[in-house]
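Colleague: the following comprises the amino acid sequence and a computationally predicted model.
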Amino acid sequence: MDALDRAFGVYSTGMRHRLGIARALLRQPQILMLDEPTRSLDPSAAAGLMRMIRETLVKQLGCTVVLATHNLREAEEVCDRIAILHQGRLVGCGTLDELLRRAGKGTDTLAGTFTALTDGKHLL
């Protein structure tokens, strides 16, 4: 069966994510918002998607990508700027280094920073 004749629903989750991004890119947006784009993907497919976002969308096409994710390791690896939301409130925003400095000593990961900034002591 030719790929053009396949129904969207028969593709793997990873391919559906890629097709969804491709559909969004048809209009050549300056800003693309992605909500949990790697959910349900195996580690290899997730890494490939993150690489495509970073290398193709951002670096080659100049697209600004807003990524909503619970995967803080992906955010560390991909994002230039990070906003941390907790209970509907913005508790931190900046580069990873800025957030790490704000969270204080002993915090060297975004996960540790998230914990430090959401304990109620650092709310904006």
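Modeller: Right, received. Where do you want to start?
Colleague: tell me where the protein has strands.
Modeller: 31-35, 64-68, 82-86, 89-94 (DSSP state E).
Colleague: reformat those as CSV; add mean pLDDT, distance to residue 9 and mean neighbour count.
Modeller: Using the backbone N, CA and C atoms, a C-beta is placed for each residue, glycine as well. Listed next are these as CSV, based on pLDDT from 0 to 100; distance: least, CB to CB, whole Å; neighbours: other CB atoms under 10 Å:
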stretch, mean pLDDT, distance to residue 9, mean neighbour count
strand 31-35, 93, 20, 13
strand 64-68, 94, 24, 15
strand 82-86, 92, 32, 17
strand 89-94, 92, 37, 15
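Colleague: which of those strands sits closest to residue 109?
Modeller: Proximity to residue 109 (CB to CB) singles out strand 82-86 among the strands of the chain, at 12.0 Å.
Colleague: gap between the closest one and the chain center?
Modeller: 12 Å (CA atoms, centre = their mean, to the nearest Å).
Colleague: now what about it, what contacts it?
Modeller: Strand 82-86 is contacted from outside by 75, 90-96, 99, 110, 113-114, 117-118, using CB atoms under 8 Å, 6 or more residues apart in numbering.
Colleague: now with 10 Å, please.
Modeller: Residues from elsewhere that reach strand 82-86 (CB atoms under 10 Å, 6 or more residues apart in numbering): 66-68, 72, 75-76, 90-96, 98-99, 102-103, 110, 113-114, 117-120, 122-123.
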